[in-house]
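Participant: Next input, structure requested:
(one chain, ligands or ions: 1)
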Amino acid sequence: MKYCRFRHEGCVRYGRVEERDGEFWVVAPIESPEEDLRARLGGLRSFASMAIESAQLLPPVTPSKIVCVGRNYRDHAKEMGNEVPTEPLLFFKPSSALLASGGVVRLPKISERVDYEGELAVVIGKRVRNLGPDDDWRKVVRGYTLADDISARDLQKNDGQWTRAKGFDTFCPVGPVVSDGIDPDAGVTIETRVNGTLRQQASTRDLIFPVGELLRYITRAMTLEPGDLILTGTPAGVGALKAGDRVEISVAGLGTLRHSVETEE
Ligand code: MG
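Facilitator: A predicted model of the protein is given here:
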(Lines give C-alpha, C1' and ligand atoms only; values in the text may rest on other atoms or scores of the structure.)
Protein backbone atom coordinates (compact mmCIF):
# COMPACT_ATOMS: atom_id res chain seq x y z
CA MET A 1 0.00 0.00 0.00
CA LYS A 2 1.29 3.40 -1.00
CA TYR A 3 -0.38 6.73 -0.25
CA CYS A 4 0.17 10.48 -0.19
CA ARG A 5 -1.72 13.36 1.42
CA PHE A 6 -2.78 16.26 -0.77
CA ARG A 7 -5.14 19.17 -1.28
CA HIS A 8 -7.87 18.34 -3.76
CA GLU A 9 -10.84 20.51 -4.71
CA GLY A 10 -10.50 22.50 -1.49
CA CYS A 11 -10.27 19.41 0.77
CA VAL A 12 -7.35 17.71 2.45
CA ARG A 13 -7.31 14.12 1.25
CA TYR A 14 -5.18 11.06 1.34
CA GLY A 15 -4.52 9.57 -2.07
CA ARG A 16 -3.77 6.04 -3.12
CA VAL A 17 -0.55 6.03 -5.14
CA GLU A 18 0.53 3.55 -7.80
CA GLU A 19 3.83 3.23 -9.59
CA ARG A 20 3.52 3.18 -13.39
CA ASP A 21 6.68 2.85 -15.48
CA GLY A 22 8.74 4.16 -12.57
CA GLU A 23 6.53 7.22 -12.01
CA PHE A 24 4.19 7.76 -9.06
CA TRP A 25 0.52 8.50 -9.82
CA VAL A 26 -2.25 9.51 -7.45
CA VAL A 27 -5.05 7.21 -8.61
CA ALA A 28 -7.82 7.64 -6.02
CA PRO A 29 -8.65 9.84 -3.02
CA ILE A 30 -9.21 7.92 0.23
CA GLU A 31 -10.54 9.05 3.60
CA SER A 32 -7.64 7.77 5.66
CA PRO A 33 -4.63 5.47 5.39
CA GLU A 34 -6.49 2.82 7.43
CA GLU A 35 -9.49 2.71 5.11
CA ASP A 36 -10.23 -0.42 3.15
CA LEU A 37 -9.36 0.94 -0.25
CA ARG A 38 -11.37 -1.55 -2.23
CA ALA A 39 -14.58 -0.57 -0.42
CA ARG A 40 -14.26 2.99 -1.71
CA LEU A 41 -13.26 2.43 -5.28
CA GLY A 42 -16.84 2.23 -6.61
CA GLY A 43 -17.57 5.86 -5.68
CA LEU A 44 -14.37 7.34 -7.03
CA ARG A 45 -14.65 6.83 -10.75
CA SER A 46 -14.79 10.56 -11.44
CA PHE A 47 -11.29 11.15 -10.04
CA ALA A 48 -8.75 11.74 -12.80
CA SER A 49 -5.38 10.17 -11.98
CA MET A 50 -2.55 12.68 -11.74
CA ALA A 51 1.23 12.44 -11.68
CA ILE A 52 2.34 12.97 -8.09
CA GLU A 53 4.37 16.03 -9.17
CA SER A 54 1.11 17.66 -10.28
CA ALA A 55 -0.64 17.08 -6.93
CA GLN A 56 -0.68 19.79 -4.23
CA LEU A 57 1.21 17.57 -1.83
CA LEU A 58 1.07 17.90 1.95
CA PRO A 59 3.26 16.04 4.45
CA PRO A 60 1.88 12.45 4.28
CA VAL A 61 1.68 12.22 8.09
CA THR A 62 0.22 14.34 10.90
CA PRO A 63 2.38 13.11 13.79
CA SER A 64 1.78 13.83 17.47
CA LYS A 65 5.59 13.73 17.70
CA ILE A 66 8.65 13.37 15.52
CA VAL A 67 11.28 11.26 17.25
CA CYS A 68 14.73 11.44 15.69
CA VAL A 69 17.82 9.31 16.11
CA GLY A 70 21.30 10.86 16.05
CA ARG A 71 24.52 9.15 14.92
CA ASN A 72 22.93 5.92 13.73
CA TYR A 73 25.45 5.24 10.93
CA ARG A 74 29.09 4.62 11.88
CA ASP A 75 30.51 6.62 8.97
CA HIS A 76 28.42 9.67 9.88
CA ALA A 77 29.38 9.51 13.58
CA LYS A 78 33.01 9.37 12.42
CA GLU A 79 32.74 12.27 9.94
CA MET A 80 31.35 14.46 12.74
CA GLY A 81 34.17 13.43 15.09
CA ASN A 82 31.81 11.59 17.46
CA GLU A 83 32.03 8.19 19.15
CA VAL A 84 29.69 5.47 17.88
CA PRO A 85 26.88 5.47 20.47
CA THR A 86 26.25 2.42 22.65
CA GLU A 87 22.51 3.08 22.73
CA PRO A 88 20.23 5.18 20.50
CA LEU A 89 20.58 8.95 20.87
CA LEU A 90 17.08 10.47 20.71
CA PHE A 91 15.82 13.98 20.13
CA PHE A 92 12.60 15.60 18.92
CA LYS A 93 11.63 17.83 16.06
CA PRO A 94 8.39 19.83 16.46
CA SER A 95 5.49 19.13 14.08
CA SER A 96 5.65 22.84 13.12
CA ALA A 97 8.89 21.97 11.24
CA LEU A 98 7.07 19.70 8.77
CA LEU A 99 7.29 20.60 5.09
CA ALA A 100 5.72 18.80 2.12
CA SER A 101 7.75 17.42 -0.73
CA GLY A 102 8.24 20.23 -3.24
CA GLY A 103 8.45 22.82 -0.46
CA VAL A 104 11.05 25.45 0.38
CA VAL A 105 13.42 25.17 3.35
CA ARG A 106 14.05 28.66 4.80
CA LEU A 107 17.59 29.31 6.03
CA PRO A 108 17.33 31.27 9.31
CA LYS A 109 19.37 34.47 9.49
CA ILE A 110 20.70 33.52 12.94
CA SER A 111 22.56 30.47 11.58
CA GLU A 112 25.61 30.48 9.33
CA ARG A 113 25.66 26.75 8.67
CA VAL A 114 22.58 24.69 7.79
CA ASP A 115 23.07 21.07 6.66
CA TYR A 116 20.90 18.52 4.86
CA GLU A 117 20.58 15.02 6.37
CA GLY A 118 18.75 12.52 4.15
CA GLU A 119 16.99 9.87 6.26
CA LEU A 120 14.61 6.94 6.09
CA ALA A 121 11.59 7.59 8.32
CA VAL A 122 9.22 5.09 9.95
CA VAL A 123 5.49 5.84 10.20
CA ILE A 124 3.71 4.26 13.17
CA GLY A 125 0.40 2.50 12.46
CA LYS A 126 -0.72 1.32 15.90
CA ARG A 127 -0.58 2.78 19.40
CA VAL A 128 2.31 1.06 21.15
CA ARG A 129 4.12 1.21 24.45
CA ASN A 130 6.76 -1.12 25.87
CA LEU A 131 7.29 -3.17 22.73
CA GLY A 132 8.92 -6.36 24.02
CA PRO A 133 11.78 -8.40 22.59
CA ASP A 134 9.34 -11.09 21.44
CA ASP A 135 6.77 -8.67 19.98
CA ASP A 136 6.67 -8.35 16.20
CA TRP A 137 7.68 -4.70 15.64
CA ARG A 138 6.49 -4.85 12.02
CA LYS A 139 2.87 -5.02 13.25
CA VAL A 140 3.06 -1.48 14.66
CA VAL A 141 4.63 0.03 11.51
CA ARG A 142 2.28 1.52 8.91
CA GLY A 143 5.05 2.13 6.42
CA TYR A 144 8.08 4.19 5.52
CA THR A 145 8.79 7.58 4.02
CA LEU A 146 11.71 9.94 3.42
CA ALA A 147 12.79 12.92 5.48
CA ASP A 148 15.46 15.60 5.58
CA ASP A 149 16.62 16.26 9.15
CA ILE A 150 17.69 19.83 8.38
CA SER A 151 20.16 20.98 11.04
CA ALA A 152 21.60 24.39 11.93
CA ARG A 153 25.03 22.95 12.72
CA ASP A 154 26.50 26.01 14.41
CA LEU A 155 23.53 26.35 16.79
CA GLN A 156 23.57 22.59 17.43
CA LYS A 157 27.15 22.84 18.65
CA ASN A 158 26.66 26.02 20.69
CA ASP A 159 23.32 25.21 22.36
CA GLY A 160 24.43 21.99 24.06
CA GLN A 161 21.14 20.33 23.03
CA TRP A 162 19.48 20.24 19.66
CA THR A 163 15.94 21.55 19.98
CA ARG A 164 16.49 24.95 18.38
CA ALA A 165 19.04 23.77 15.79
CA LYS A 166 16.74 21.03 14.48
CA GLY A 167 13.41 22.72 15.13
CA PHE A 168 13.04 25.72 12.82
CA ASP A 169 9.93 25.94 10.66
CA THR A 170 10.51 24.01 7.37
CA PHE A 171 13.36 21.93 8.92
CA CYS A 172 11.53 18.62 8.42
CA PRO A 173 10.70 18.00 4.75
CA VAL A 174 8.88 14.66 4.54
CA GLY A 175 7.29 12.52 1.81
CA PRO A 176 6.27 12.24 -0.93
CA VAL A 177 4.49 8.97 0.00
CA VAL A 178 4.17 6.41 2.77
CA SER A 179 4.66 2.82 1.63
CA ASP A 180 4.82 -0.55 3.38
CA GLY A 181 6.49 -2.05 0.33
CA ILE A 182 10.11 -1.89 1.51
CA ASP A 183 12.10 -3.83 4.13
CA PRO A 184 14.84 -1.77 5.82
CA ASP A 185 16.28 -4.89 7.51
CA ALA A 186 16.86 -6.48 4.09
CA GLY A 187 18.69 -3.28 3.09
CA VAL A 188 17.39 -0.46 0.94
CA THR A 189 19.69 2.16 -0.54
CA ILE A 190 19.08 5.77 0.47
CA GLU A 191 20.58 8.49 -1.72
CA THR A 192 20.78 12.26 -1.31
CA ARG A 193 21.52 14.56 -4.23
CA VAL A 194 22.17 18.28 -4.04
CA ASN A 195 21.79 20.10 -7.36
CA GLY A 196 21.95 16.72 -9.08
CA THR A 197 25.24 15.61 -7.46
CA LEU A 198 25.18 12.45 -5.33
CA ARG A 199 26.24 13.40 -1.77
CA GLN A 200 24.97 10.54 0.42
CA GLN A 201 24.52 6.87 -0.42
CA ALA A 202 24.10 4.07 2.13
CA SER A 203 22.21 0.88 2.84
CA THR A 204 19.81 0.71 5.78
CA ARG A 205 21.62 -2.54 6.62
CA ASP A 206 24.33 -0.24 8.00
CA LEU A 207 22.04 1.29 10.64
CA ILE A 208 23.77 0.79 14.02
CA PHE A 209 20.34 0.35 15.65
CA PRO A 210 17.85 -1.15 13.18
CA VAL A 211 14.15 -0.19 13.16
CA GLY A 212 12.96 -2.93 15.55
CA GLU A 213 15.59 -2.05 18.11
CA LEU A 214 14.73 1.66 17.85
CA LEU A 215 11.03 1.00 18.39
CA ARG A 216 11.73 -1.14 21.47
CA TYR A 217 14.05 1.53 22.88
CA ILE A 218 11.69 4.46 22.20
CA THR A 219 8.54 2.73 23.48
CA ARG A 220 10.22 1.94 26.79
CA ALA A 221 10.08 5.70 27.34
CA MET A 222 6.97 6.92 25.51
CA THR A 223 3.77 5.77 23.83
CA LEU A 224 3.91 5.99 20.06
CA GLU A 225 0.66 6.95 18.33
CA PRO A 226 -0.57 6.21 14.80
CA GLY A 227 1.05 8.70 12.42
CA ASP A 228 4.07 9.34 14.65
CA LEU A 229 7.28 9.66 12.71
CA ILE A 230 10.68 8.18 13.56
CA LEU A 231 13.69 9.59 11.67
CA THR A 232 16.26 6.79 11.71
CA GLY A 233 19.46 8.84 11.28
CA THR A 234 21.61 10.03 8.41
CA PRO A 235 24.56 8.36 6.65
CA ALA A 236 27.92 10.02 5.94
CA GLY A 237 28.13 12.84 3.41
CA VAL A 238 26.21 15.64 5.13
CA GLY A 239 27.01 19.15 3.96
CA ALA A 240 25.97 22.78 4.00
CA LEU A 241 23.04 24.25 2.07
CA LYS A 242 22.81 27.64 0.42
CA ALA A 243 19.98 29.60 -1.15
CA GLY A 244 19.06 28.21 -4.55
CA ASP A 245 20.07 24.61 -3.76
CA ARG A 246 17.77 21.76 -4.75
CA VAL A 247 17.80 18.60 -2.62
CA GLU A 248 16.51 15.18 -3.67
CA ILE A 249 16.39 12.20 -1.29
CA SER A 250 15.35 8.86 -2.74
CA VAL A 251 14.77 5.20 -1.99
CA ALA A 252 13.45 2.78 -4.62
CA GLY A 253 9.77 2.24 -3.84
CA LEU A 254 9.43 5.45 -1.81
CA GLY A 255 10.12 7.83 -4.69
CA THR A 256 11.96 11.11 -4.31
CA LEU A 257 11.52 13.74 -1.61
CA ARG A 258 12.34 17.12 -3.17
CA HIS A 259 12.84 20.51 -1.65
CA SER A 260 14.51 23.78 -2.54
CA VAL A 261 16.33 26.21 -0.26
CA GLU A 262 15.88 29.96 0.20
CA THR A 263 17.05 32.49 2.75
CA GLU A 264 14.49 33.55 5.36
CA GLU A 265 12.73 36.82 4.48
MG1 MG B 1 19.66 13.32 11.61
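
Participant: Spit out the contact partners of the residue of the stretch 1-150 of the chain at minimum distance from the ion.
Facilitator: For the stretch 1-150 of the chain, the residue closest to the ion is residue 149, as judged by Cβ to the ion, at 3.4 Å. To be clear about C-beta, it is placed using only N, CA and C from the backbone, and glycine gets the same treatment. By Cβ atoms under 8 Å, 6 or more residues apart in numbering, residue 149 lies in contact with 68, 93, 117, 119, 166, 171, 172, 231, 234.

Participant: Residue 253 should be in a helix, yeah?
Facilitator: No: under the criterion used here (DSSP: H, G, I helix; E, B strand; the rest coil), residue 253 is coil, not part of a helix.

Participant: Check the gap between it and residue 262 for me.
Facilitator: According to Cβ to Cβ, to the nearest Å, residue 253 and residue 262 sit 30 Å apart.

Participant: on that earlier part again, can you get me a residue count around the residue lying closest to the residue of the stretch 1-150 of the chain closest to the ion once chain neighbours are set aside?
Facilitator: Leaving aside its chain neighbours, residue 149 sits nearest to residue 117 (4.0 Å; criterion: Cβ to Cβ, 6 or more residues apart in numbering). Counted with other Cβ atoms under 10 Å, the neighbours of residue 117 add up to 24.

Participant: what comes up buried for stretch 216-233?
Facilitator: Going by neighbour count (16 or more other Cβ atoms under 10 Å), the buried part of stretch 216-233 is 216, 218, 219, 224, 226, 227, 228, 229, 230, 231, 232, 233.

Participant: for stretch 183-203, same thing?
Facilitator: Within stretch 183-203, the residues scored as buried using 16+ other Cβ under 10 Å are 184, 188, 190, 191, 192, 193, 194, 199, 200, 202.

Participant: any chance of those in CSV, plus pLDDT and secondary structure?
Facilitator: Converted to CSV, those look like this (pLDDT from 0 to 100; DSSP: H, G, I helix; E, B strand; the rest coil):
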residue, pLDDT, secondary structure
184, 96, coil
188, 96, coil
190, 98, strand
191, 98, strand
192, 98, strand
193, 98, strand
194, 98, strand
199, 98, strand
200, 97, strand
202, 96, strand
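
Participant: For the spatially closest residue to residue 59 that is not a sequence neighbour, give me its contacts.
Facilitator: Nearest residue to residue 59, sequence neighbours excluded (Cβ to Cβ, 6+ apart): residue 98, at 4.5 Å. Contact analysis of residue 98 by Cβ under 8 Å, 6+ apart lists 59, 63, 66, 172, 174.

Participant: can you do 7 Å?
Facilitator: 59, 172, 174 (Cβ atoms under 7 Å, 6 or more residues apart in numbering).

Participant: Most neighbours among the residues you listed, which one is it?
Facilitator: The most crowded member of the contacts of residue 98, judged by other Cβ under 10 Å, is residue 174 (31 neighbours).

Participant: quick one: which helix or strand includes the residue nearest to residue 250 when sequence neighbours are not counted?
Facilitator: Spatial nearest neighbour of residue 250, excluding adjacent residues (Cβ to Cβ, 6+ apart): residue 256 at 4.2 Å. Here residue 256, judged by DSSP states H and E, is contained in strand 255-263.

Participant: Now do that strand: distance to the chain's middle.
Facilitator: 13 Å (Cα atoms, centre = their mean, to the nearest Å).

Participant: swap in stretch 102-118?
Facilitator: Centroid displacement of stretch 102-118 relative to its chain, using Cα atoms, centre = their mean, is 16 Å.

Participant: Residue numbering should commence at 28 henceforth.
Facilitator: Fine by me, first position is 28 from now on; the one you just mentioned is stretch 129-145.

Participant: and the end-to-end length of that stretch?
Facilitator: Length of stretch 129-145, first residue to last, Cα to Cα, to the nearest Å: 15 Å.

Participant: For the stretch 28-177 of the chain, which segments are assigned as strands?
Facilitator: 29-35, 38-47, 50-57, 77-78, 83-85, 93-97, 116-120, 125-127, 130-134, 141-143, 145-151, 168-175 (DSSP state E, counting those that start in this stretch).
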